[in-house]
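Trainee: Need the 3D shape of this:
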Amino acid sequence: MTATADHLDTNGRLRRSLVGVMAVSTGLAVANNYYAQPLLPEIGRSLHMSSGEAGLIVTLAQIGYALGLLFILPLGDLVERRRLAVVLSLFTAVALLGMAWSPSGGVLLGAAAFVGAFSVLAQVLVPFSASLAPEEERGRVVGMVMSGLLIGILLARTVSGALAGAGGSYRTVYLVAAGAMVVQAVALRLRLPVYRERHTFTYPALLASVLRLLREEPVLRRRAQYGLLSFGTFSAFWTSMAFLLSRHYHYAIPVIGLFGLVGAGGALAASIAGRLSDRGLAHHSTLVTSVLLVGSWALLWWGGSVLAALIVGVVVLDIGAQGLHITNQGEIYKRRPEARSRLTSAYMVLYFVGGGIGSAGSAFAYDRLGWDGVCLVGGVFALGTLVLWTTTALPRFTRMALK
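Mentor: Modelled structure (predicted):
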């Protein structure tokens, strides 16, 4: 790789100020995909969309994100990364303006897909931080940057609800978000080091190498499966949460947005999971987080009528989902250092495919079966992570028994 900046401090560690900039930027970038969740009832009323159609805003944003991960993110291993980060920030701003000014549901859905595609900036910055960090602190640095991403997801809902309440319209949220992306583009241009991997790939060969990595790396395939299931269960809840809170509990948008703060434990889990990965305890972390995911849905189902159970269920769900996600990333980044953007691309495409399926299934289930249907969809995804862990662990236990 080539880099033209002093990004390490006198102790040979990545500068804390740079980690902070990357964490905040990652959070702002990914937040763009989550502003809609507490706004879905209002968007549906404003643009005459059913709850199922409004739920497609989240689904299309995640599908767009998956396409961006497949076709845009691998460029991080080919082009200069600072420039890529700045360009994606500006493109995201334009797409957000499209959401703010959309005259109909169809136009807004298209703009949401573009916002999702360009928001892969978050996943450009995560492997960027892994490449800049010394090996002995890589898990910790990635955990810190991912904590920014997770806080961005959580605060997106809260900020979205507050801005919509203050501005009187969901459109205010997207206008402010577009302005934030322009400011971020300037900050990244000033603070990020110039960095480029030494590759001679053509773009088609680069994309083909993503599929080759999936074929050649069994750890990547397994961790991508965990990611698909964990984000599927996570998205199943958050896609339909606003409908439950507005229709059953009769909360207004600003109050619905506050529920994003309930999952703050997920940010703590990110830091802990990163350290466990550095210590070689990913197998144990995977079991614990999978059990938490399964248990969370019992609480969330009860939360359909008991608010306290809903709140505890959200905390457990976020800790499980985000802890497993960081464990997955810690493991795949131990593989090929020169291909971290492509490893991230392969993993995150499947991760967001799971999110898209979970969102669509949740919206469909809520339309027909209400909250019980949402819990069924989310519970199936969660149980899948535990089944996958069991199928991975059984051969290990068998070998130990035969010794």
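Trainee: roughly how far apart are His283 and Thr327?
Mentor: 9 Å (CB to CB, to the nearest Å). The way it works is simple: take the backbone N, C-alpha and C, and place the C-beta from them, glycine included.
Trainee: who's more crowded, those two?
Mentor: Shown here are His283 and Thr327; by other CB atoms under 10 Å, Thr327 has more neighbours (29 against 14).
Trainee: Hmm, His284 and that one touching each other?
Mentor: No. Using CB atoms under 8 Å, Thr327 is not in contact with His284; the gap is 9.5 Å.
Trainee: who's in contact with Pro127?
Mentor: Pro127 makes contact with 76, 333, 340-341, 343-344 under the criterion CB atoms under 8 Å, 6 or more residues apart in numbering.
Trainee: Among these, which ones are in strands?
Mentor: Residues of the contacts of Pro127 located in strands (DSSP state E): none.
Trainee: Select, from those residues, the two members most distant in space.
Mentor: Gly76 and Tyr333 (13.3 Å; CB to CB).
Trainee: Now for these two: what residues contact both?
Mentor: The contact lists of Gly76 and Tyr333 share 127, 340, where a contact means CB under 8 Å, 6+ apart.
Trainee: Next, count neighbours for the nearest residue to Ile72 once chain neighbours are set aside.
Mentor: Distance criterion CB to CB, 6 or more residues apart in numbering; nearest residue to Ile72, sequence neighbours excluded, is Val120 at 5.2 Å. Residues within reach of Val120, counting by other CB under 10 Å, total 30.
Trainee: Ok, Arg16 next?
Mentor: Arg16, neighbours per other CB under 10 Å, totals 11.
Trainee: And for Ala166?
Mentor: By other CB under 10 Å, neighbour count at Ala166 equals 12.
Trainee: and it, what is it in contact with?
Mentor: Counting by CB under 8 Å, 6+ apart, Ala166 has contacts Thr172.
Trainee: what about the stretch 51-200 of the chain, any weak spots by pLDDT?
Mentor: Residues of the stretch 51-200 of the chain that meet the criterion pLDDT under 70 lie in 136, 139, 198-200.
Trainee: for it, what spans make up the helices?
Mentor: Along the stretch 51-200 of the chain, the segments classed as helices by DSSP state H, counting those that start in this stretch run 51-71, 81-100, 105-118, 121-132, 138-167, 170-191.
Trainee: I would like the residues contacting the third one, please.
Mentor: Residues external to helix 105-118 that are found in contact with it (CB under 8 Å, 6+ apart): 32-33, 36, 43, 47-49, 53-54, 56-57, 60-68, 72, 88, 91-92, 95-96, 98-99, 102.
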